[in-house]
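Chemist: model this:
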Amino acid sequence: MPLLKRKCAKCNSSSQFYCSDKFRINAQKKILDVWLIYRCTECDSTFNLTILSRIRPESIEKNLYQKFLTNDANTAWNYASDIELMKRNNVEVCYKSIEYDIIHQPITVEEMVNMEEDKIEFCIITAYDIHLKLSSVIRQCLNISLNRLEKMIAANVMELPDNTDLKKCKIKNQSLITIDRLKLKDYIKQFAENDICS
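Modeler: Modelled structure (predicted):
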């Protein structure tokens, strides 16, 4: 999960805070507050990220409340990757700190050209919103350079639903990419000819 950038009140450094995967619940009469606890990477002091503020217990789904009580890691990670929640808490997120693996079946651009289908679709799925550029994942999956990807986009080889700008798009939940095999074939031919000419 991404680290948070903020000034630490204890060690007085412009430090980073990591998610502890633990929640804190405070009850006053019939009002609840729920926080996600972060810890300073330098001195381990805590910072409480507000999840729910001054809310009646009955308005919280029982299953969710139980996850708060048991410090459910998946629930913590969902909140830790919630961009809108971070904005509401006025904290800066360090997305470059995120480490991730891409699990996929290796395939090359040339292998796709030799497929039978005219339209090739593949879906990129992530469990958390980690502010990851879709173009970066595509490049890694197809093992191509940024320059080559941009030329493929310019040649309308691949597209997203609703003509979303692929170069600017961030992955949220899942993204369906469609590749036009015939356009890809033409692009590969042109790409090879350019290599010969140069």
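
Chemist: Can you report how many residues neighbour S15?
Modeler: 19 (other CB atoms under 10 Å). (Glycine included, C-beta is placed from N, CA and C.)

Chemist: Correction: the previous question concerned K7.
Modeler: Using other CB under 10 Å, K7 is surrounded by 11 other residues.

Chemist: So it sits against S14, correct?
Modeler: Yes. The pair K7 / S14 is scored as a contact, 5.5 Å apart, by CB atoms under 8 Å.

Chemist: how near is R56 to K170?
Modeler: For R56, the distance to K170 (CB to CB, to the nearest Å) stands at 35 Å.

Chemist: Neighbour count for the two, which is higher?
Modeler: Between R56 and K170, K170 has the larger neighbour count (other CB under 10 Å), namely 16 against 9.

Chemist: The closest residue to that one other than its chain neighbours: neighbouring residues, count only.
Modeler: Spatial nearest neighbour of K170, excluding adjacent residues (CB to CB, 6 or more residues apart in numbering): H131 at 5.8 Å. H131: 16 surrounding residues under other CB under 10 Å.

Chemist: which residues in the chain form helices?
Modeler: 62-69, 73-80, 83-88, 109-113, 134-142, 146-154, 181-197 (DSSP state H).

Chemist: Just list what the second one packs against, helices and strands only.
Modeler: Just to be clear, that refers to helix 73-80. Packing partners of helix 73-80 (3 or more CB pairs under 8 Å, 6 or more residues apart in numbering; DSSP states H and E): strand 14-28, strand 31-40, helix 62-69.
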